[in-house]
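# sequence and predicted structure below; questions after.
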Amino acid sequence: MVNMMSDVKTELKYVPTTCPYCGVGCGLNLVVQNGKCVGVEPNKRTPINEGKLCPKGASCWEFVHNPDRLTKPLIKKDGKFVEASWDEALDLIVKKFSEIYKAGGPKALGFQTSCRTVNEDCYALQKWARVGFLTNNVDNCARICHGPSVAGLSLSFGSGAATNPFEDVLNSDLIVMWGSNAVEAHPLAGRRVMQAKKKGIKIIVVDPRYSATARLADQYIRFNPSTHIALANNIMYYIVKEGLENKEFIQKRTKGFDDLKKTIEKYADATNIHGVPQETVQDFARQYAKAKNAVIIYCLGITELTTGTDNVRSMGNLALITGNVGREGTGVNPLRGQNNVQGACDMGAYPNVYSGYQKCEVPENRAKMEKAWFLKEGSLPDWYGVTLTEQINQAGDPIKAMYFMGLNPVVSYPDSNHVKRQLDKLDFCVMQDIFWTESCEYADVVLPGTCFAEKDGTFTSGERRVNRVRKAVDGPGEAKLDWEIIALLAKKMGLKGFDWKTAKDVWDDMRACTPSMFGCTYEKMEKPESVHWPCPTIEHPGTPILHREKFSAADGLGTMFGLEYRPPAEVADKEYPFTMMTGRLIFHYHTRTQTDRCSILHYDVPESYVQMNTQDAQELGVKHGDKVKITSRRGETVTTARVTDDVAPKVMYMTMHFANGVNNLTNTALDPLSKMPELKHCAVKVEKVA
Ligand code: SF4
């Protein structure tokens with residue numbers, strides 16, 4: 001587990017901090033020698049991972065001192081990037097953003113922050129956008145992973161966050177993993193599931209692909225891609241038909257049952273849609289409804305579709321109809337892919353809410369924030385800002401300038417060719433990052449930020465646990481703290497309220513205007529290591545399990561919805577006969593800007609591949625290891641075939657990490673509620689490359 005690379009025998013320093021990768025939020029100690037990170041050591045105090053780390057966490061120190069790090073601001077002059085002073089770069093940004101704001105108003109600008117940077121950076125960016133330019137055009141990349149979780153869980157339970165902590169699966173009698181390959185994508189959450197299995201707790205995996213997690217399960221249910229609503233409705237049909245619904249819970253704690261009942265009656269037999277035999281559906285219904293405590297864990301298999309929000313609400317329906325929420329061993333828990341997906345949303349880097357999900361449309365909330373942020377009464381906008389994906393669509397008209405903090409849209413957003421065309425239309429674009437990415441080419445200014453090892457702050461894990469991040473080493477060259485860059489820009493504009501000296505100052509600024517997090521102090525996060533929000537007062541111990549007595553909605557009730565199955569926006573046809581799904585690898589993270597610079601991780605999976613079914617491969621004359629060209633209506637990619645029956649005939653699977661990879665193919669069609677693009681489903685054709 002410990003990686004030691006130094007041969008100089010000086011004293012070692014151990015800095016407790018949080019893994020910079022997935023949303024499990026494992027604690028670890030960075031090992032520092034001579035001012036450099038030289039390894040990681042398990043931190044046994046953190047309850048989530050109990051000192052264990054996955055391959056990514058164990059090698060997370062390796063990229064910190066990579067020579068490719070950005071060290072100076074860069075400005076594009078005559079088509080070429082040249083080094084600039086901080087003053088020159090920041091003055092140019094202020095001038096351009098101010099000019100564009102003056103000419104086009106608040107809707108001419110777009111601001112996007114990453115889910116891999118600390119809460120304090122996310123809060124700073126959204127505050128600058130709102131105070132400096134009176135705009136709600138601010139979003140974060142949770143939009144393209146768990147936007148439907150925020151929307152769907154809010155509608156079902158009143159709070160758009162996981163209901164229970166990871167280790168609580170050990171209190172379940174049945175664990176349903178639906179559209180989640182936790183063993184690869186969230187390995188230390190997957191470890192908890194494996195512990196549960198050892199304890200005799202039954203695991204059912206529901207997934208179109210026979211994944212590493214499915215291999216561990218007691219039961220694997222394969223269903224047709226993107227048919228979640230039909231399957232969930234069919235399951236609930238049997239629950240009600242056999243009188244297995246939790247009548248007392250439904251009556252006392254929920255609303256909407258009649259609407260749901262009317263809808264699920266139409267799904268008495270939906271095998272023609274989802275492909276699962278009726279005996280299996282009926283058996284699942286009995287197992288889930290009869291379990292004393294059953295939990296649903298889900299991930300992007302549920303969310304990254306044009307039905308994402310309704311898929312999440314279907315999981316909510318299942319939990320509510322059986323009373324499986326609000327106590328130990330139950331609940332509905334999304335697994336977050338990036339370390340701070342939860343936190344970036346919590347901080348108000350979202351187009352319709354301030355920090356702690358305080359709605360911008362509510363006049364009292366606006367008045368409160370105007371006072372806290374030294375703004376004139378009535379100045380903050382009441383309109384919904386434009387989401388991340390819509391900002392890209394609006395680049396050029398009406399959005400003329402965009403600011404990206406820690407994002408690589410050219411690789412990670414759907415339809416890469418579309419993203420490139422849109423970024424080209426901007427009058428002015430800023431990329432703030434730690435490495436040069438494929439997206440930096442489209443910027444006018446590139447600013448060097450700092451990574452997790454070089455800053456203090458907090459990440460909020462997928463279970464609403466706020467974990468401390470602690471500075472271990474200095475950033476490279478002239479790189480600055482990300483919130484500090486934003487504060488410098490704000491001060492150059494003459495804005496009040498950005499005089500932060502430390503990350504704690506930024507956090508306390510946020511706490512002061514965020515009731516659900518007021519009690520999450522840095523001091524409280526020292527002992528113990530972390531705290532779950534809601535935590536409204538200094539004395540409050542935090543809330544690991546939500547909705548115990550009542551739901552977070554204004555009326556205290558959980559809501560069930562009658563939801564109809566809708567097919568994906570683009571289905572396979574004669575011209576494009578295969579369905580392409582996407583997902584993650586245990587060895588890589590996001591667009592590999594960090595993991596590709598860790599030797600072990602790069603060695604294990606240096607290039608992309610596609611999984612295709614044995615029968616399809618035979619028909620196309622493709623052998624394991626052959627190169628294939630995959631084409632959609634939007635673009636093409638060449639990759640290596642892995643022939644396997646883990647995917648069904650006519651279904652293919654590619655990982656999302658590689659440039660010029662699967663996002664050359666993916667579809668920009670949006671979920672109407674959350675604006676999630678359909679990253680997990682598009683139609684493609686395949687040919688062997690001679
Ligand atoms: Fe880091 Fe996630 Fe691995 Fe834990 S499971 S070590 S948080 S990547």
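Structure's in. What do you need?
# any idea which helix or strand carries the single nearest residue of the stretch 151-300 of the chain relative to the ligand?
Closest residue of the stretch 151-300 of the chain to the ligand, CB to the nearest ligand atom: Leu188 (3.7 Å). The C-beta positions use only the backbone N, C-alpha and C, and glycine is treated the same way. Per DSSP states H and E: Leu188 is located in helix 187-198.
# mind checking what helix or strand follows that helix in sequence?
Next element after helix 187-198 (DSSP H and E): strand 202-206.
# what packs against whatever helix or strand comes next after that next one?
Proceeding N to C from strand 202-206, the next assigned helix or strand is helix 212-216, under DSSP H and E. Contacts defined by 3 or more CB pairs under 8 Å, 6 or more residues apart in numbering; DSSP states H and E place helix 212-216 against helix 182-185, helix 187-198, strand 202-206.
# now the second one: buried residues?
It stands for helix 187-198. 187-193, 196-197 (16 or more other CB atoms under 10 Å).
# can you state the direction angle for it and strand 202-206?
In terms of direction (axes from the mean of the first three to the mean of the last three CA atoms, to 10 degrees), helix 187-198 departs from strand 202-206 by 130 degrees.
# quick check: residues of this structure near the ligand?
Applying CB under 6 Å from any ligand atom, one finds that the chain approaches the ligand through 19, 21-22, 24-26, 49, 53-54, 56-57, 186-188.
# just to revisit the earlier point, might you report the residue contacts of the residue of the stretch 151-300 of the chain closest to the ligand?
24, 26, 48-49, 52-54, 57, 166 (CB atoms under 8 Å, 6 or more residues apart in numbering).
# would you format the residues you listed as a markdown table with distance to Glu328 included?
Conversion of the contacts of Leu188 to a markdown table gives the following (distance: CB to CB, whole Å):
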| residue | distance to Glu328 |
| --- | --- |
| Val24 | 20 |
| Cys26 | 22 |
| Ile48 | 17 |
| Asn49 | 20 |
| Lys52 | 23 |
| Leu53 | 27 |
| Cys54 | 26 |
| Gly57 | 27 |
| Phe166 | 13 |
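# neighbour count and secondary structure added to these, as CSV?
Compiled in CSV, these are given as follows (neighbours: other CB atoms under 10 Å; DSSP: H, G, I helix; E, B strand; the rest coil):
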residue, neighbour count, secondary structure
Val24, 28, coil
Cys26, 28, coil
Ile48, 25, coil
Asn49, 25, coil
Lys52, 17, coil
Leu53, 23, coil
Cys54, 24, coil
Gly57, 24, helix
Phe166, 27, helix
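# pLDDT at the closest residue to Asp456 other than its chain neighbours, what is it?
Leaving aside its sequence neighbours, Asp456 sits nearest to Ala503 (CB to CB, 6 or more residues apart in numbering; 4.1 Å). At Ala503, the model reports a pLDDT of 98.
# ok, now how distant is Ala503 from the ligand?
According to CB to the nearest ligand atom, to the nearest Å, Ala503 and the ligand sit 20 Å apart.
# just give me the neighbour total for that residue.
Other residues near Ala503 come to 25 when the count uses other CB atoms under 10 Å.
# what sits against it?
Contacts for Ala503 (CB under 8 Å, 6+ apart) come out as 118, 120, 455-458, 481, 483.
# among the residues you listed, which are in helices?
Secondary structure from DSSP state H places 120, 483 of these in helices.
# correct me, but Trp436 touches Leu70?
Yes. Counting by CB atoms under 8 Å, Leu70 is a contact partner of Trp436 at 6.3 Å.
# quick one, which of the two is more surrounded?
Leu70 (24 against 17).
# in space, what's closest to the more buried one - neighbours in sequence excluded?
Take Leu70 and drop its neighbours on the chain: the residue closest to it by CB to CB, 6+ apart is Pro448, 3.7 Å away.
# quick one on the thing from earlier: got a markdown table for the contacts of Leu188, with distance to Gly323 and pLDDT too?
A markdown table is the format used below for the contacts of Leu188 (distance: CB to CB, whole Å; pLDDT from 0 to 100):
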| residue | distance to Gly323 | pLDDT |
| --- | --- | --- |
| Val24 | 28 | 92 |
| Cys26 | 32 | 93 |
| Ile48 | 27 | 83 |
| Asn49 | 31 | 89 |
| Lys52 | 33 | 91 |
| Leu53 | 36 | 92 |
| Cys54 | 34 | 91 |
| Gly57 | 36 | 91 |
| Phe166 | 22 | 91 |
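# Cys145: which of those is nearest?
Val24 (14.4 Å; CB to CB).
# distance of the closest one from Asn49?
According to CB to CB, to the nearest Å, Val24 stands 7 Å off from Asn49.
# again, but for Lys501
Distance of Lys501 to Asn49, computed by CB to CB: 32 Å.
# ok, now Phe459?
Counting by CB to CB, the gap from Phe459 to Asn49 is 14 Å.
# what about Ile392, which helix or strand?
In this assignment (DSSP H and E), Ile392 forms part of helix 388-393.
# swap that for Thr582, please
Thr582 belongs to strand 578-583 when assigned by DSSP H and E.
# also Val94?
Per DSSP H and E: helix 86-104 holds Val94.
# below-threshold pLDDT in this protein: ranges please.
Along the chain, the model assigns pLDDT under 70 to residues 1-9, 528, 584-589, 591-593, 595-596, 601-605, 657-659.
# residues contacting the closest residue to the ligand within it?
The chain approaches the ligand most closely through Gly57 (2.3 Å), counting by CB to the nearest ligand atom. Contact analysis of Gly57 by CB under 8 Å, 6+ apart lists 19, 21, 26, 28, 40, 49, 188.
# rewinding a little: which residues does the helix holding Val94 contact?
With CB under 8 Å, 6+ apart as the criterion, helix 86-104 contacts 73-75, 84, 108-109, 132-133, 398, 400-401, 403, 427-428, 430, 444-445, 447, 478, 480, 485, 488-489, 492-493.
# just give me how far that helix sits from the chain centre.
Its chain's average C-alpha position is 30 Å from that of helix 86-104, according to CA atoms, centre = their mean, to the nearest Å.
# just stretch 369-383 next, same as before
The answer for stretch 369-383 is 29 Å, by CA atoms, centre = their mean.
# now do stretch 382-389
Worked out by CA atoms, centre = their mean, stretch 382-389 lies 18 Å from the chain centre.
# just the CA atoms of it, as CSV, please.
Below are the C-alpha coordinates for stretch 382-389, written out as CSV (Å, rounded to 0.1, in the frame of the first residue of the first chain):
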residue,chain,number,x,y,z
ASP,A,382,-34.6,35.1,-9.8
TRP,A,383,-34.2,33.2,-13.1
TYR,A,384,-32.8,29.7,-13.5
GLY,A,385,-29.3,29.8,-14.9
VAL,A,386,-28.2,27.8,-17.9
THR,A,387,-26.9,24.3,-17.1
LEU,A,388,-23.4,23.0,-18.0
THR,A,389,-24.5,21.2,-21.2
